[in-house]
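Q: quick one, structure for this:
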Amino acid sequence: MRRKKPAEGGPVAHFAGHETFPLRQMWLKKAFDQAIDGVVKRSAFADESAIAEFGVGKNMVAAIRHWALACDVIREPDGNADYPLTENGRLIFADDGYDPYAEHPTTAWYCHWCLAGRGTRATTWYWLFNHVVGPTFTRDELEEPLADYAKSIDANRRLSPATFSRDIDTCIRGYAPRASGTSPEEFAEPMLAELGLIYEEKKGHFAFRRGPKATLSDGMFAFALVDFWDKTAKGQSSLAFETIAYGDGSPGRVFKLDEESVADRLMGLAELTRDALIWTDTAGLRQVMRDPARGARLSDRMLKRAYHG
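A: Numbers count the residues shown, from 1 in each chain. From the prediction side, this is the model:
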């Protein structure tokens with residue numbers, strides 16, 4: 001398995017927190033519904049009553065908190081304050097939101113983007129989708145290079161091999177679940193499995209499914225592009241095709257799109273964004289141009305389009 005050196009400016013190392021439970025469909029809604037006046041109290045995940053409130057075991061309550069933070073439904077506060085809801089969390093999971101019960105495929109793509117595109121609280125997810133470039137991989141093959149990557153972004157932190165092993169296993173099971181489980185929650189298909197991004201080629205050997213993604217809406221692609229642009233090239237008026245298709249944390253790489261699929265999406269940007277983003281191909285220079293005068297709240301507009309077309 002080949003691997004790339006980590007790029008500068010990547011996410012801060014963050015492992016574990018999920019208690020080895022992959023993200024389930026209703027967990028983010030359960031976390032969102034704990035909010036009172038836009039804030040989820042810290043006690044909602046800590047009190048003994050939380051087990052009854054969420055209807056799952058103590059470790060799963062901790063996992064729900066982790067995934068709600070990692071998928072940008074609630075925000076990590078300063079100190080020991082409570083957890084405020086994020087704007088995107090409200091837009092998606094409110095009772096009158098875009099997808100309160102996480103049934104729309106865009107919600108799974110949004111969560112995948114938060115994990116593998118942003119890498120917030122999900123270093124393994126970011127690393128796997130952006131730095132593993134071999135045709136196939138096994139869990140064991142990933143452990144040492146992931147440990148090397150962790151050292152490269154946080155040399156002073158010491159993590160056990162078991163931590164990396166559990167993170168890798170939880171990540172892969174989230175996309176390519178086991179055939180059987182030991183509890184009702186284990187039998188439930190993980191939320192991200194519906195994306196079909198990872199499959200088991202043969203026992204213990206996994207591969208990415210690259211190519212066009214039928215359930216990935218143009219709005220969600222554009223939302224991810226704007227998010228990526230703001231993170232890596234804020235203030236720049238253009239972004240090269242190669243960066244969008246192959247850059248670390250880019251939509252092309254995170255969504256495992258082939259080159260033709262990326263180009264097809266980019267060609268429709270002008271109509272989708274009302275000329276805030278325009279694809280150009282002049283003298284062999286392929287790039288997207290951005291007009292800030294037309295880009296007010298572009299990210300919010302594209303998230304809405306992702307759900308409503």
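
Q: how about the helices in the stretch 201-309 of the chain?
A: 218-232, 241-246, 251-254, 259-267, 269-273, 298-308 (DSSP state H, counting those that start in this stretch).

Q: could you export the ones you listed as a markdown table, including mean pLDDT and distance to Trp279?
A: (Glycine included, C-beta is placed from N, CA and C.) Listed next are these as a markdown table, based on pLDDT from 0 to 100; distance: least, CB to CB, whole Å:
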| stretch | mean pLDDT | distance to Trp279 |
| --- | --- | --- |
| helix 218-232 | 97 | 11 |
| helix 241-246 | 98 | 9 |
| helix 251-254 | 98 | 14 |
| helix 259-267 | 97 | 4 |
| helix 269-273 | 97 | 5 |
| helix 298-308 | 97 | 15 |
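
Q: closest to Leu115 out of those?
A: Counting by CB to CB, Leu115 lies closest to helix 251-254 out of these; the figure is 9.1 Å.

Q: list the contacts of that closest one.
A: 112-113, 116-117, 129-130, 221, 224-225, 228, 244-247, 257, 259, 262, 265 (CB atoms under 8 Å, 6 or more residues apart in numbering).

Q: show me where the stretch 1-150 of the chain has its strands.
A: 39-40, 83-84 (DSSP state E, counting those that start in this stretch).

Q: which residues does the last one contact?
A: Yep, that's strand 83-84 we're talking about. Contacts of strand 83-84 (CB under 8 Å, 6+ apart): Gly38, Val39, Val40, Lys41, Arg42, Ala68, Leu69, Ile74, Arg75, Glu76, Pro77.

Q: isn't the fifth one right up against Ile74?
A: In other words, Arg42. No - Arg42 lies out of contact with Ile74 (CB atoms under 8 Å); the separation is 10.5 Å.

Q: okay, and for the stretch 151-300 of the chain, where does confidence drop off?
A: 179-188 (pLDDT under 70).

Q: who touches Asp230 in this structure?
A: Ser299.

Q: check Pro22 too.
A: Thr170, Arg173, Gly174, Pro177, Pro190, Met191, Leu192.

Q: swap the cut-off to 6 Å and go again
A: With contact taken as CB atoms under 6 Å, 6 or more residues apart in numbering, Pro22 is in contact with Thr170, Arg173, Gly174, Pro190.

Q: out of those, which is nearest to Ala293?
A: Once CB to CB is applied, the member of the contacts of Pro22 that ends up nearest Ala293 is Gly174, at 40.3 Å.

Q: on that earlier part again, look at Arg42 and Ile74 and report which has more neighbours.
A: It is Ile74, of Arg42 and Ile74, that has more neighbours when counted by other CB atoms under 10 Å, with 25 against 14.

Q: mind listing what's buried along stretch 16-24?
A: Ala16, Gly17, His18, Glu19, Phe21, Pro22, Leu23, Arg24 (16 or more other CB atoms under 10 Å).

Q: if you average pLDDT over it, what comes out?
A: Mean per-residue pLDDT for stretch 16-24: 94.

Q: thinking again about what came up before, ok, the contacts of strand 83-84 vs Lys213, which is closest?
A: Nearest to Lys213 among these, with distances taken as CB to CB, is Ala68, at 24.9 Å.

Q: I figured Ala13 hits Ser152, correct?
A: No - look at Ala13 against Ser152 with CB atoms under 6 Å: they stay out of range, at 9.1 Å.

Q: neighbour count: the two, which is higher?
A: Ala13 (18 against 14).

Q: what residues does stretch 255-269 touch?
A: 197, 208, 210-213, 218, 221, 245, 252, 277, 279, 288.

Q: what's around the residue nearest to Leu303 when sequence neighbours are not counted, how many residues?
A: Nearest non-adjacent residue to Leu303, counting by CB to CB, 6 or more residues apart in numbering: Phe223, 5.0 Å away. Using other CB under 10 Å, Phe223 has 26 other residues around it.

Q: and Ala13, how far from Thr273?
A: 34 Å (CB to CB, to the nearest Å).

Q: about what we covered before: list just the nearest of the contacts of strand 83-84 to Glu103.
A: After measuring the contacts of strand 83-84 against Glu103 - CB to CB - the closest member comes out as Ala68, at 17.9 Å.

Q: return the residues in contact with the closest one.
A: Counting by CB under 6 Å, 6+ apart, Ala68 has contacts Leu28, Ala31, Ile74.

Q: repeat for Met220
A: Taking CB under 6 Å, 6+ apart, one finds Thr106, Trp109, Ala306 in contact with Met220.

Q: with that, I have no additional questions.
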